[in-house]
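Chemist: okay, predicted coordinates and the sequence, questions at the end:
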Amino acid sequence: MTRDPGPTPPSERITSLDALRGFALLGILVINIRVFSMPEQTLLNPNVYGDFAGLNYWTWFLGHVFAQSKFITIFSALFGAGVLMFIESKEEKGQDAVRLHLRRTAVLIAVGLLHAYLLWYGDILVAYGFTGIFLLFVRDLDARRLAGLAGVFLLFIPAIELFAAVSIGGEALAGQWLPSEAAIRQELAAYRGGWLDQMSHRVDSSFQRQTSGFIGSSFWRVGGVMLLGMALYKRGVLTGERSTAFYRRLVAGGAVGVGIVVAGVAYIEANDWSAGAALYWRQFNYVGSLLVAGGYVGLVTLFVRWRGEGVVTRALAAVGRTAFTNYLLQTVIATTIFYGHGLGLFGYVSRIEAMGIVVAIWAVQVVLSVLWLRYFRFGPVEWVWRTLTYGEAQPMRLGN
């Protein structure tokens, strides 16, 4: 193990972790493209805007079953594991791990705030940063206690939503489930307009997500998954240390999760997409997504064992090693395509057409990531993050 006080060098990285991170980062765009290209509320209720028949319906269906909440779950679990790995690495080198983690997190929050208010309200970095501070206080718990605490966190949102469904009914979600036509028109006008026009929606939405949305929702889901990721890291699950049979069981659990999510679609359609059924419907994917995400962890880990030096593994790992840069790059590319300061296609692109754009962005990111890492140690944003964390410029080029 290196005694270099700086970041972990490429030679000591865990390929399966990088490949998982890259797989999750690419998959996240399948869902994020919906709110890059259409009004925000389509993420909750796909009937709110756009064609919802034929290929567009099946595009939504496949995305809902196999992507929505699945890839962000993997990404969040890996973030939780990454906090532990970072702290352990710094402690082994005799450094002030807590101070460095707090500096690292402060940079993450600052970048997230700029991302949210200047580019896209859907930012997750701010939530990750504040939740990452909380993780400091529980990092020494053993895997069992971390998993138990994760369960408490993950039960919070379903408990609140099911209580609201029983006590209030559809009115608890009606305003979000069926927004007014005026609100939809205002959002369309904002994002078809220039950068300043977009602020009328982006600032309010970002602020809500980072305040009441964080306290009442994302802290519990994101925090629960991060805690679970910490537990799985301590048990060697995310680092590929468990048996082949174990990862096959994760894949089998993922298949069960797919069945749960599909059952949820059948339920909401049987209830004509009513607001009264919406809070119950959300629970199917909430639970199912955890199982499907676990299935993906099993699949990717088994694939890396099978083809650890293959072109697909190396491509995913390259994207994973530059995930911070690629996350922001997805925003830059997508907002340039859809928002008024760019091509202005917001609200004009169908779901199937949006998926074509996703594939094109994937191709760009994979190629750029692989080429970049032939010459450099880190992605450009990763380099800035590390430089600000350690307080000195990090060597960028390979061989330095």
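Modeler: Everything's here; your move.
Chemist: tell me how far the host helix or strand of I33 lies from the chain's centre.
Modeler: In this assignment (DSSP states H and E), I33 forms part of helix 15-37. Remark: helix 15-37 is offset 7 Å from the chain centroid, using Cα atoms, centre = their mean, to the nearest Å.
Chemist: show the subsequent helix or strand relative to it.
Modeler: As assigned by DSSP H and E, the chain's next helix or strand after helix 15-37 is helix 54-66.
Chemist: got the angle for that following helix vs helix 15-37?
Modeler: Going by axes from the mean of the first three to the mean of the last three Cα atoms, to 10 degrees, helix 54-66 is angled at 140 degrees with respect to helix 15-37.
Chemist: who touches helix 54-66?
Modeler: By Cβ atoms under 8 Å, 6 or more residues apart in numbering, the list of residues contacting helix 54-66 from outside reads 30-31, 34, 46, 50, 52, 258, 261-262, 265, 285, 292, 350-352, 354-355. (Glycine included, C-beta is placed from N, CA and C.)
Chemist: okay, now the unreliable bits of the stretch 151-300 of the chain?
Modeler: Judged against pLDDT under 70, the stretch 151-300 of the chain has no low-scoring part.
Chemist: going along the chain, name the strands of it.
Modeler: Taking DSSP state E, counting those that start in this stretch to define them, one finds no strands in the stretch 151-300 of the chain.
Chemist: show me what the helix or strand containing V367 is packed up against.
Modeler: Using DSSP H and E, V367 sits within helix 351-372. Using 3 or more Cβ pairs under 8 Å, 6 or more residues apart in numbering; DSSP states H and E, the elements in contact with helix 351-372 are helix 15-37, helix 54-66, helix 311-321, helix 323-338.
Chemist: got the end-to-end distance for stretch 119-133?
Modeler: 25 Å (Cα to Cα, to the nearest Å).
Chemist: stretch 28-47 too?
Modeler: One end of stretch 28-47 to the other measures 21 Å (Cα to Cα).
Chemist: please apply the same query to stretch 157-177.
Modeler: This stretch, stretch 157-177, spans 17 Å end to end (Cα to Cα).
Chemist: one more: stretch 161-176?
Modeler: Start-to-end span of stretch 161-176 (Cα to Cα) is 14 Å.
Chemist: would you mark the buried spots in that stretch?
Modeler: 161, 165, 170, 172-173 (16 or more other Cβ atoms under 10 Å).
Chemist: return the member of the residues you listed nearest to L371.
Modeler: E161 (44.9 Å; Cβ to Cβ).
Chemist: doesn't Q283 make contact with that closest one?
Modeler: Yes: E161 is within contact range of Q283, at 7.0 Å (criterion: Cβ atoms under 8 Å).
Chemist: where does the stretch 1-150 of the chain have low pLDDT?
Modeler: The stretch 1-150 of the chain contains residues with pLDDT under 70 at 1-13.
Chemist: what helices or strands is the longest helix that the chain contains leaning on?
Modeler: Using DSSP state H, we find that the single longest helix of the chain is helix 275-306. Applying 3+ Cβ pairs under 8 Å, 6+ apart, we find helix 275-306 packed against helix 15-37, helix 70-92, helix 143-167, helix 174-177, helix 244-270, helix 311-321.
Chemist: what angle separates the third one from helix 275-306?
Modeler: It stands for helix 143-167. Using the same axes, to 10 degrees: helix 143-167 against helix 275-306 is 160 degrees.
Chemist: got it, and the last one?
Modeler: Relative orientation of helix 311-321 with respect to helix 275-306: 120 degrees, computed using the same axes, to 10 degrees.
Chemist: ok, which of the helices and strands packed on helix 275-306 comes nearest R235?
Modeler: Counting by Cβ to Cβ, R235 lies closest to helix 143-167 out of these; the figure is 5.0 Å.
Chemist: quick check: buried residues in the closest one?
Modeler: By 16+ other Cβ under 10 Å, the buried positions in helix 143-167 come out as 143, 146-147, 149-150, 153-154, 156-158, 161, 165.
Chemist: repeat for stretch 226-245
Modeler: 226-235, 237-240, 242.
Chemist: and F376, backbone torsions?
Modeler: phi -130, psi 150 (degrees, to the nearest 10).
Chemist: contact partners for it?
Modeler: Shown in contact with F376 (Cβ under 8 Å, 6+ apart): 383, 396-398.
Chemist: ok, back up a step: and of the helices and strands packed on helix 275-306, who's closest to G194?
Modeler: Between the helices and strands packed on helix 275-306, helix 15-37 lies closest to G194; by Cβ to Cβ that is 17.0 Å.
Chemist: SS state for G94?
Modeler: Going by DSSP: H, G, I helix; E, B strand; the rest coil, the secondary structure assigned to G94 is coil.
Chemist: now do stretch 351-358: distance to the chain's middle.
Modeler: 19 Å.
Chemist: again, but for stretch 89-98
Modeler: With Cα atoms, centre = their mean as the basis, stretch 89-98 stands 28 Å off its chain's centre.
Chemist: likewise for stretch 82-94?
Modeler: Counting by Cα atoms, centre = their mean, stretch 82-94 is centred 23 Å from the centre of its parent chain.
Chemist: same thing with stretch 148-168?
Modeler: From the chain centre to the centre of stretch 148-168 is a distance of 21 Å (Cα atoms, centre = their mean).
Chemist: try stretch 269-279
Modeler: Taking Cα atoms, centre = their mean, one finds the center of stretch 269-279 at 26 Å from the center of the full chain.
Chemist: ok, now stretch 372-380?
Modeler: Between the centre of stretch 372-380 and the centre of its host chain there is 23 Å, according to Cα atoms, centre = their mean.
Chemist: cool, and stretch 62-73?
Modeler: 10 Å.
Chemist: now do the end-to-end distance for it.
Modeler: End-to-end for stretch 62-73, by Cα to Cα: 17 Å.
Chemist: alright, calling it a day.
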